[in-house]
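1. After the sequence you'll find the predicted model.
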Amino acid sequence: MDYKEKYQQWLDFADENTKAELSAITDDKEIEDRFYKDLAFGTGGLRGVMGAGSNRMNRYTVGKATLGLARYLKSKNSGDISVAIAYDTRNNSQFFAKTAAGIFASQGIKVYIYETVVPVPVLSFTTHYLGCRAGVMITASHNPKEYNGYKVYDEKGCQLCTDDAKNAISFINDISDYSSIPFTGGNPLITYIGEKELSAFLAEVKKQSLYEEKSDLKIVYTPLHGTGNIPVRRMLEGMNVTVVKEQELPDGNFSTVRSPNPEEKDALTIAIEKAKEIGADIVLGTDPDCDRVGIAVKDGDDYKLFTGNQTGALLVKFVLEMKKASLSEKSTLVKTIVTSELGANIGRKYGLQIEETLTGFKYIGDKINKYEESGNQEFVIGYEESYGYLVGIHARDKDAVVSSMLICQMAAWYKNQGKTLVDGLNEIYDEYGYYLDSLDSFVLKGKDGAEKIQSLMTYFREKGDTLFDGIESVVDFSGGIRDLPKENVLKYIWKDGSWMAVRPSGTEPKIKVYYSIVDPSKENAKIRLDEIKTEIKAIIER
C-alpha cells in the first residue's frame, strides 16, 4: 500500500478531529512524510512529531504500540499482569498515557497510572517496586515541543533490550488495522498512584547521599518546565536553592527556550542570568522528563558550561573518593562507547572494573540486571556523554534526581575546600591529561533525509582508515563487537587515543558525530578538533 492509499484509508476510519487535520493538508510532500512508513517502534520505543498519520505520534500509533505490547505480555506471562504508566509535561502526554491505560485494561491487564507528572527514573523505580511486568513512560525526553514518545520498560525497570524489544516489536507490527484498536473499556482495572510511590523513590535516592556537611553553596535550579521541579527540590532541601520562576511550572510549549535540552547552551540562559544576579556558585538544569542534567559553574565573573563528559568525570572522582573504603574487586563503572575515556581512567585508578555498552542507557540498565543475577560484579556508577548519570540501583535508567543531589553535594565538598568544580576539573586534567570532547548533530528530515543518512554511513564505512591521516583502527559495531549487540556505529581511533564516532540517531532524524581529542595542549586540541569538524561538515553538506 503506497502513502496515498494509506492516507485515504485514514480518512475513512479515523475520528473527526483526525480527519479534519488530514483533510486540511494541501502539500503532497507533507502527506507522503506522514504516511510513507509507520512510525518505527525501535529498541527504545516510539518517538516522533505529534500529528495525524502513520508516521506521527497520535492516539492510533500509541494504540497500536499498546495493543501489541499487551499481546506480547500475555504471551510470556500467565496469571495476573500489571503495568505502570507515567508521563511528562509535554503536550498530549497525559492524553497518550490515559489512552494506553484504557487499551491495557481492555485486554485484562491491571494498570497503575500516575495522577500527575513524574520523571523517567520514578517510572523505572515504580515498575519494579509495584511488581509490574512492564512500564510505559510517555515522553520525548529533551526533544523540541513538536515531539512525543513512548518508552517501554521491563519488570526490573530497564528499557527493553535487544531480544525482548524484537519480540515486542513483532507483536506490534502484526497489527495493521488501526480501526480495530479498542480505545475504551476495563476502567475497574485502572488505579491512580502518586505520593506514596514518589516518596518511596525519593527514600531510595536519599540512600545514595554522600556528603551532607554544611556549606554556603548557592544553587540556581531550573526544571525547564518539566517533571524535575518537585522531586529535585525535595532532594535539595536544606541547601540554598533558588528556582527559576519563569521555568518552574509545566509548559508543553517550553515557551522560554528554543529547545528544553540542557545539553544546549541557550537552555540555561535564563538560569545563568539569575545566577549572575544573586552570585550563585552553580546552575542546574534538568530536561522535561528529568533523566538528564546540565550544569554551569561560576568561573570568575562568568559561568562555565560543563559537557556531559566533564560532569561525568567529576562525579566519578567524587563518588569513588567518598566510597573508597567500601570498594572491592567487584566494583564496576559502566559507560557507553561514545563516552570519553577520562572517567574510565579515573575508575581504573581506584581499582574499578570498566565495562562499555552501546549508546543508550538501557544497555547500562541491562548490565545492572546481569550483575544482580551473577553476583560477580557490583554496579557503582554508570554514565553517558549525553548528560545521563546513575548512582545506585533504585532505577535502571539515567536519573537526574540522584545526579542533581550528588552534583550539589560534590560542589559543596569542593567549596568547603575553597575550590569550585572548575578547579576540580582542572585538577583531574593535571592528573589524567586533557580531553576535549564534542558532538555534532546533523538534522536530515523526511524520507530524503533518511536515505541521505544511510548513504552517509555507507560512505564513512567505505572510507575506513583513509578518512583522516593517522587513524590506527576503525571499529564497525554493525558486525557485533565483543558481547555487544549489532549496531550501526563506526568508531575511528587515532594512534594517540583520540577518536571519532559516527551513528544515526535511533530516535530523531539525525546523524551524530562524536569527537574525543586527547592532547597535552588545550590549544592544539582545539585546533585539531576544529579541523576535523570542518571536514566532517563538508562531507555531510556535499
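-> Received it, and whenever you're ready, just let me know what you need.
2. I'd like the distance between residue 524 and residue 467.
-> 20 Å (CB to CB, to the nearest Å). No exception for glycine: its C-beta is placed from N, CA and C like everyone else's.
3. Please identify which of the two sits among more neighbours.
-> residue 467 (20 against 13; other CB atoms under 10 Å).
4. didn't that one look like it was pressed against residue 493?
-> No. Using CB atoms under 8 Å, residue 467 is not in contact with residue 493; the gap is 11.5 Å.
5. so what sits against both of the two?
-> Overlap of the contact sets of residue 467 and residue 493 (by CB atoms under 8 Å, 6 or more residues apart in numbering) is empty.
6. host element of residue 395?
-> Per DSSP states H and E: residue 395 is located in neither a helix nor a strand.
7. Pretty sure it sits against residue 124.
-> Yes. Shown here, residue 395 and residue 124 form a contact pair, counting by CB under 8 Å, at 4.2 Å.
8. Give me the pLDDT for the closest residue to residue 179 other than its chain neighbours.
-> Nearest residue to residue 179, sequence neighbours excluded (CB to CB, 6 or more residues apart in numbering): residue 13, at 3.9 Å. Note for residue 13: predicted pLDDT of 94.
9. same question, the one 4 residues further on
-> Looking at residue 17, its pLDDT stands at 96.
10. re the thing from before, can you pull the residues that touch both of residue 395 and residue 124?
-> Contacts common to residue 395 and residue 124, judged by CB under 8 Å, 6+ apart, are 157, 365.
11. Return the helix or strand in this protein with minimum mean pLDDT.
-> Every helix and strand in the chain was compared by mean pLDDT, DSSP states H and E; the lowest is helix 162-173, with a mean of 90.
12. Tell me which residues are up against that helix.
-> 41-43, 64-65, 67-69, 71-72, 75-76, 152, 154, 160, 485.
13. isn't there a helix covering residue 309?
-> Yes. Residue 309: assigned to a helix according to DSSP: H, G, I helix; E, B strand; the rest coil.
14. What is the neighbour count of it?
-> By other CB under 10 Å, neighbour count at residue 309 equals 27.
15. check contacts around the closest residue in space to it that isn't next to it in sequence.
-> Excluding the flanking residues, the one nearest residue 309 by CB to CB, 6+ apart is residue 340, at 4.0 Å. Going by CB under 8 Å, 6+ apart, residue 340 touches 309, 312, 313, 385, 435, 437, 516.
16. try residue 47
-> 57, 140, 141, 143, 147, 148, 149, 150, 507, 508.
17. Surely it is in a helix?
-> No. Counting by three-state DSSP, residue 47 falls outside a helix, being strand.
18. what's the pLDDT at it?
-> 92.
19. where's the closest residue to it other than its chain neighbours, which helix or strand?
-> Spatial nearest neighbour of residue 47, chain neighbours left out: residue 149 (3.6 Å); criterion: CB to CB, 6+ apart. Assigned by DSSP H and E, residue 149 belongs to strand 147-153.
20. chain center to that strand, what's the gap?
-> 11 Å (CA atoms, centre = their mean, to the nearest Å).
21. quick one, it and helix 162-173 angle?
-> Using axes from the mean of the first three to the mean of the last three CA atoms, to 10 degrees, the inter-axis angle of strand 147-153 relative to helix 162-173 is 120 degrees.
22. just checking, what packs against strand 147-153?
-> Here strand 147-153 touches strand 46-49, helix 59-76, helix 93-106, helix 120-129, strand 134-138, going by 3 or more CB pairs under 8 Å, 6 or more residues apart in numbering; DSSP states H and E.
23. now for the longest one, which elements pack on it?
-> The one in question is helix 59-76. In terms of contacts (3+ CB pairs under 8 Å, 6+ apart), helix 59-76 is packed against strand 46-49, helix 93-106, strand 134-138, strand 147-153, helix 162-173.
24. Could you list the buried residues of that helix?
-> Under the neighbour-count criterion of 16 or more other CB atoms under 10 Å, helix 59-76 has 59-73 buried.
25. ok, of those residues, which one's closest to residue 97?
-> Closest approach between these and residue 97, by CB to CB: residue 62, at 9.0 Å.
26. surely that closest one meets residue 98?
-> No. Under the criterion of CB under 8 Å, residue 62 makes no contact with residue 98, lying 10.1 Å away.
27. average pLDDT for stretch 396-410?
-> 98.
28. How about stretch 518-526?
-> The model assigns stretch 518-526 a mean pLDDT of 93.
29. ok so, going back, just checking the distance from the least confident helix or strand of the chain to the centre of its chain.
-> With CA atoms, centre = their mean, you get 21 Å for helix 162-173.
30. Okay, buried residues for the helix or strand following it please.
-> Counting by DSSP H and E, the next helix or strand C-terminal to helix 162-173 is strand 190-193. Of all the residues in strand 190-193, those buried under the rule 16+ other CB under 10 Å are 190, 193.
31. and strand 190-193, which strands flank it?
-> strand 110-114 (parallel) (DSSP bridges).
32. for residue 508, what are its contacts?
-> 47, 143, 441, 443.
33. Going by distance to residue 213, which of the contacts of helix 162-173 wins?
-> Nearest to residue 213 among these, with distances taken as CB to CB, is residue 154, at 38.7 Å.
34. what separates the closest one from residue 162, distance-wise?
-> Residue 154 is 12 Å from residue 162, by CB to CB.
35. cool, residue 336 as well?
-> 15 Å.
36. Surely residue 11 and residue 19 touch.
-> Yes. Using CB under 8 Å, residue 11 is in contact with residue 19, at 5.8 Å.
37. and of the helices and strands packed on strand 147-153, who's closest to residue 416?
-> helix 120-129 (28.2 Å).
38. Run the angle between that closest one and strand 110-114 for me.
-> Angle, helix 120-129 to strand 110-114, by the same axes, to 10 degrees: 150 degrees.
39. name the helices or strands packed onto helix 120-129?
-> strand 82-87, strand 110-114, strand 134-138, strand 147-153, helix 195-206, helix 400-415.
40. Residues touching the fourth one, excluding its own?
-> When you say that, I think you mean strand 147-153. 44-50, 57, 62, 65, 69, 90-93, 96, 100, 120, 123-124, 127, 134-141, 143, 159-160, 165, 168, 396-397, 507.
41. Now it: average pLDDT?
-> Rounded mean pLDDT across strand 147-153 is 97.
42. ok, now the first one?
-> Average pLDDT, strand 82-87: 98.
43. Just list what that strand packs against, helices and strands only.
-> Against strand 82-87 (3+ CB pairs under 8 Å, 6+ apart) you get helix 93-106, strand 110-114, helix 120-129, strand 134-138.
44. could you dump these to TSV with mean pLDDT, distance to residue 197 and mean neighbour count?
-> Converted to TSV, the helices and strands packed on strand 82-87 look like this (pLDDT from 0 to 100; distance: least, CB to CB, whole Å; neighbours: other CB atoms under 10 Å):
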stretch	mean pLDDT	distance to residue 197	mean neighbour count
helix 93-106	97	15	22
strand 110-114	98	8	22
helix 120-129	98	5	28
strand 134-138	98	12	29
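45. can these go into CSV with extra columns for distance to residue 3?
-> Formatted as CSV, the helices and strands packed on strand 82-87 follow (distance: least, CB to CB, whole Å):
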stretch, distance to residue 3
helix 93-106, 24
strand 110-114, 34
helix 120-129, 33
strand 134-138, 27
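46. what's the closest of the ones you listed to residue 367?
-> It is, among those and with distance given as CB to CB, helix 120-129, at 14.5 Å.
47. Report the angle between that closest one and strand 134-138.
-> 160 degrees.
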